[in-house]
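> sequence unknown, structure follows:
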Ligand SMILES: Nc1ncnc2c1ncn2[C@@H]1O[C@H](COP(=O)(O)OP(=O)(O)OP(=O)(O)O)[C@@H](O)[C@H]1O
Ligand SMILES: Nc1ncnc2c1ncn2[C@@H]1O[C@H](COP(=O)(O)OP(=O)(O)OP(=O)(O)O)[C@@H](O)[C@H]1O
Ligand SMILES: [Mg+2]
Ligand SMILES: [Mg+2]
């Protein structure tokens, strides 16, 4: 693939703007992932542990929310952080904060759904043992998250992938402003719209390489997942 | 939310085009999901069962591919189905076939990754029992998929959500052609670009309702998942 | 109502789905008593023990613990522990597993350490303390699980076939431990297929058959 | 090399991580023999049985089955079955579980049906046939797992504490079944903590300690 | 000019101005060309948010942009009438062109006017990609069909509902025709084999306006910056720079501010 070669030359060529864009993407994606995982994992674990009416409905809702297009998530968050919205005074729109907020909102249901799904297969005896030893709800939550850490790593990686690769929210809330909120994906979208398919594809490869790197690093962090 | 009300009135109003668009979205998404699940689940299960060199790398690659933006997947598929591409003669570009192909390509790594992750927590004794009873690799694959059917349902639902909610591929390969390849998400993107934010949001709610419906139906299909 | 009664079961009937898995017209376990549940496979012993630990529900009839209904009874979690027939241990080392249980029971650091060492000693798992708990053999796992429950210091122990996977040494350790607890006034309810264990340790035997607790000399079960 | 030998183990040593979990200088199991593995918890019985069924690897030394190395030996999967200490059953009914095993062994429909009914009868699980397999009690699960292996008709059975969760009826069923298989020339290797089972059924005992197979009257293990 | 360009002036209190504009001004390179001069002259930096015309106006309405540069006269007038804008000025125009396969299967070349060209298009059955997004370009296209007395429909008429660039790329893929503004086409020229097959009819002129958003709408609006941008763009210097922006040697936008 010639675009693979171009991807290499893009990086080695050391174009300052390309590097800046990559760094921005990484920064945004990492923060978004953090803010998606912090509420998402406990929600997934709580759905798993919880014994309440409407649990099925809650699970279905979390699953369904994943189907909401990024543009809609973008619009939804927009309606809050627009200058005429309730959080307008924070100045998040067309700024990094808005992108991070929007992407976290986007990835959070994915994290919750994947955590919940993964924990499903956790032996029910874990929950019972915690209960019988007298662990309260918070302890149980923490212990279940610990038992399911492999699952949760996977969910986190999926969230990273989702936010690193999405365009709608970054475009709509970041505005694709050069030297400010332009990320790799918005650059790709822009290139694609300008007919610069080769460049767009090669940036895609760079993004793929980045995601691979993050995956490998996470493997080092959580060695014995199984 | 007034957009919720508008969502209802959009549906009840019975605008023929809205209904047509919804039906098209459902058709495309279902087919894409089918074509993503057919290779994705066996790949995930094979990754789980397989004992081969480079397994970690394969898993990391599948995870990483999820981070590739829809636009890039779109471009990639585009390079195959464009008139000058190898599959050009099939006339898939700017036609439903192209959208389904592209979306399946998009969702397939997600299905594989989620299946793999979910199966991870499956008790290793299942695999051992299959082996000791003399099941060959195909039987083992089939049996593991059966044991993990709850996980796989979840992966399928996530794939449905992913394709029902994505814009990049539908736009790039379908062309958002009215009465032909226009889906709910491309309509939403169009409305957003027209500044019709309210309408876009309410279509988003319709999409959410649709995803909820699919989730509930799937619950009926796989009752005793746990 | 008996002030001495730890468990008071009346008109109990529980179904997993359609079939009744455990039922019991009336059963009273007094403070300091040792009761054995015996009966064929699938007769409801495990189900009954889990019910008595509040792990299963809802059910028809009533179970009370220390004079109050079992549901949301805070005494239950403070004072009783159930050990699974095939127990699971948490991620981390064996020491982590014991320490975690002790932390849940709010023992101070010094006492926790002492109890941990004592339990490890008594169950012959001192050499396992720094091993990864998820990677133990069947019998090792069962020893650690029983040790974890005993270390946690509950005075009402519900043990589900506590020696089924153990070697003779482990079996002897559990027997002497249970005998010791019995002397010190703890209340024991355990299931077992091993008749010598029942003969040695039970004040009273409750027989199960087809999901029904049917007879217990000295007990009230009809 | 002995034409009669089903298993021929030499210089075996296996580690899960660092620690040796099972080692054996030499062990020969002859055709039609019944060998019991005994020893304390964690001494390597389960590990050894799994190694002999090709479920664990890689290892140092050699294990051969029917005169050929165990790895990728097609005879192994056709002729031997291992039953876990705590077995798991597949989704579906008990009948599905048995039928699945019979299908894997390529029995014709009529013979499969006959074998299934026979095994169900012998292990007292006829009444469980249409129950969901994942929802059985501990002992019921173990009965079904042993029945599944026996029904599958392998003539080399590797059973890991096959009666540990069983009631006296189940225990008796397994004993009589094993005795029958022994008479009919099957090869049995089983682990057990129950001494009466070993006395009754084993031609020969291999003792394990600290991961080493250390002695067996009539066996070659030093 | 009302706005001199003093060499040294104090940095503005709020130096970031947010401009919502259509993709044509951004993607043609016009803004990248103009904005450094603006920054140099005034000390303001401009955050460009390039979206569809409708979305740009909506951002103005929600006070999420300080100043707008758009081309949809009717919508702009409605925007002003609703009191969302403080001031509107004409800035420049460019023109629309019909592009299609170099072989020109519909025989557009030599049409006397836009109406005739569109009539030939409809008669030929060759694919035509319509923006379909109520943008300025789309409105112009619909007006032209109406003038030609044609109600376009059928499988040859593809209502794409996408941006200009995407429509050109689609027309390329389908080997069909489309109506484009000249700047976008020229910027994409080496990515497409499509050629200009009709242009020059004055009805196809495409005027751009600059609008400052009413500062009363929200205290966060950078009214001074917006005003500075509007003034600068319509100053002699701004107008001159617009005229000097060339792609492939051609002027793309013709300044037309009349004080
Ligand atoms: N998955 C594993 N990973 C690491 N070590 C293991 C694993 N399984 C077992 N071990 C260790 O290997 C050794 C042998 O275990 P094995 O299960 O073979 O014992 P066993 O003789 O079957 O004991 P039991 O009578 O308790 O069933 C033990 O020290 C055990 O802790
Ligand atoms: N999760 C479950 N869902 C449905 N039925 C169950 C479940 N667990 C157990 N049962 C059924 O309930 C009945 C009682 O089971 P229980 O486990 O209490 O028996 P037990 O006396 O402990 O048997 P064992 O000696 O084999 O351990 C059995 O018929 C069993 O099949
Ligand atoms: Mg039981
Ligand atoms: Mg064992």
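Thanks, I have it. Quick caveat, the model's predicted, so the values are computed rather than measured. Ligands and ions are numbered 1, 2, ... in the order given.

> would you list every one of the strands in chain C?
Under the criterion DSSP state E, strands of chain C are mapped to C:5-15, C:20-30, C:34-38, C:60-65, C:68-69, C:80-83, C:156-160, C:187-191, C:204-209, C:212-215.

> so what strands line up beside the strand of greatest length in chain E?
For chain E, the strand with the greatest residue count under DSSP E is strand E:85-100. Note on strand E:85-100: by DSSP bridges, its sheet partners are strand E:177-181 (antiparallel), strand E:195-198 (antiparallel), strand E:205-213 (antiparallel), strand E:254-255 (antiparallel).

> any idea which helix is longest in chain A?
Counting residues, the longest helix in chain A under DSSP state H turns out to be helix A:16-49.

> so what does the next helix or strand along the chain from that helix touch, helix or strand wise?
Counting by DSSP states H and E, the next helix or strand C-terminal to helix A:16-49 is helix A:55-65. The criterion is 3 or more C-beta pairs under 8 Å, 6 or more residues apart in numbering or on different chains; DSSP states H and E, and the helices and strands that helix A:55-65 contacts are helix A:16-49, helix A:96-120, helix B:149-165, helix B:197-221. No exception for glycine: its C-beta is placed from N, CA and C like everyone else's.

> what about stretch C:160-169, near ligand 3?
No - using C-beta under 5 Å from the ion, stretch C:160-169 stays clear of ligand 3, with a minimum separation of 5.8 Å.

> what residues sit buried inside that stretch?
Along stretch C:160-169, these residues count as buried under the neighbour rule (16 or more other C-beta atoms under 10 Å in any protein chain shown): C:160, C:161, C:162, C:163, C:164, C:165, C:166, C:167.

> before we move on, back to that, quick one: average pLDDT of the longest strand of chain E?
The average pLDDT for strand E:85-100 rounds to 95.

> what element comes up after that strand heading to the C-terminus?
Downstream of strand E:85-100 (by DSSP H and E), the next one is helix E:114-124.

> please name the nearest non-neighbouring residue to residue A:40.
Nearest non-adjacent residue to residue A:40, counting by C-beta to C-beta, 6 or more residues apart in numbering or on different chains: residue A:111, 2.9 Å away.

> chain neighbours aside, what residue packs nearest to the most centrally placed residue in chain A?
Among the residues of chain A, the one closest to the centroid is residue A:159, at 3.2 Å (C-alpha atoms, centre = their mean). Of all residues not flanking residue A:159 in the chain, residue A:107 sits nearest, at 4.0 Å (C-beta to C-beta, 6+ apart).

> pass me the low-pLDDT residue ranges in chain C, would you?
The model of chain C has pLDDT under 70 over residues C:1-3, C:215-222.

> and stretch A:97-106, how far out from the chain's middle?
9 Å (C-alpha atoms, centre = their mean, to the nearest Å).

> so is that stretch next to chain E?
No - figure legend: stretch A:97-106 not in contact with chain E (C-beta under 8 Å from any C-beta of the partner chain); closest approach 10.5 Å.

> contact partners of that stretch?
Stretch A:97-106 is contacted from outside by A:28-29, A:31-36, A:70, A:73-74, A:76-77, A:81, A:90-92, A:162-163, A:166, A:169-170, A:172-174, A:181, A:183, using C-beta atoms under 8 Å, 6 or more residues apart in numbering or on different chains.

> contacting residues around the residue of chain A found nearest ligand 3?
Closest residue of chain A to ligand 3, C-beta to the ion: residue A:125 (12.7 Å). Counting by C-beta under 8 Å, 6+ apart, residue A:125 touches C:84, C:86, C:87, C:88.

> ok, now how distant is the last one from residue D:208?
I take that to be residue C:88. 24 Å (C-beta to C-beta, to the nearest Å).

> the third one now?
Distance of residue C:87 to residue D:208, given as C-beta to C-beta: 23 Å.

> elements contacting the host helix or strand of residue A:75?
Using DSSP H and E, residue A:75 sits in helix A:70-81. Counting contacts by 3+ C-beta pairs under 8 Å, 6+ apart, helix A:70-81 is packed against helix A:96-120, helix A:168-169, helix B:184-193, helix B:197-221.

> for those helices, which one ends up most surrounded?
Across these, averaging neighbours per residue (mean count of other C-beta atoms under 10 Å in any protein chain shown) puts helix A:168-169 on top, at a mean of 30.

> any residue of that helix up close to chain E?
No - using C-beta under 8 Å from any C-beta, helix A:168-169 stays clear of chain E, coming no nearer than 12.5 Å.

> can you tell me the helix or strand for the residue of the stretch 101-250 of chain E found nearest ligand 1?
Closest residue of the stretch 101-250 of chain E to ligand 1, C-beta to the nearest ligand atom: residue E:166 (55.9 Å). Assigned by DSSP H and E, residue E:166 belongs to helix E:164-174.

> how about the residue nearest to the centre of chain A, what does it touch?
Per C-beta under 8 Å, 6+ apart, neighbours of residue A:159: A:32, A:33, A:36, A:37, A:40, A:107, A:108, A:110, A:111, A:114.

> just checking, the fifth one touches residue A:145?
No - at 11.2 Å, residue A:40 does not count as touching residue A:145 under the criterion of C-beta atoms under 8 Å.

> pull up the gap between residue A:129 and chain D, please.
16 Å (C-beta to the nearest C-beta, to the nearest Å).

> where's the closest residue to that residue other than its chain neighbours relative to ligand 2, distance?
Computed as C-beta to C-beta, 6+ apart, the closest residue to residue A:129 that is not its neighbour in sequence is residue C:88, at 6.2 Å. Here the criterion is C-beta to the nearest ligand atom, to the nearest Å. By it, residue C:88 lies 16 Å from ligand 2.

> what comes up buried for stretch E:127-146?
E:127-141, E:144-145.

> how about it and chain B, touching?
Yes - counting by C-beta under 8 Å from any C-beta, chain B is contacted by stretch E:127-146 at E:132, E:133, E:134, E:135.

> so what's residue A:224 scoring on pLDDT?
Reported pLDDT for residue A:224: 46.

> for residue C:65, which residues are in contact?
Here residue C:65 is in contact with C:6, C:7, C:52, C:54, C:73, C:75, C:76, C:80 (C-beta under 8 Å, 6+ apart).

> is it in a bridge, and if so with what?
The partner residues for residue C:65, given DSSP bridges, come to residue C:7, residue C:68.

> mind listing what the nearest residue to residue E:35 once chain neighbours are set aside touches?
Of all residues not flanking residue E:35 in the chain, residue E:46 sits nearest, at 5.2 Å (C-beta to C-beta, 6+ apart). Neighbouring residues of residue E:46 by C-beta under 8 Å, 6+ apart: E:16, E:17, E:18, E:19, E:31, E:35, E:38, E:39, E:229.

> just the buried subset of those, please.
E:16, E:17, E:18, E:19, E:31, E:35, E:38, E:229.

> wait, does stretch C:174-184 contact chain D?
No - using C-beta under 8 Å from any C-beta, stretch C:174-184 never reaches chain D; the gap is at least 11.9 Å.

> show me the contact partners of that stretch.
Counting by C-beta under 8 Å, 6+ apart, C:32, C:34, C:122-123, C:146, C:150, C:157, C:159, C:162-163, C:166, C:188, C:190, C:197, C:200-201 sit against stretch C:174-184.

> out of the contacts of residue A:159, which is nearest to chain E?
The closest of these to chain E turns out to be residue A:32 (C-beta to the nearest C-beta; 20.3 Å).
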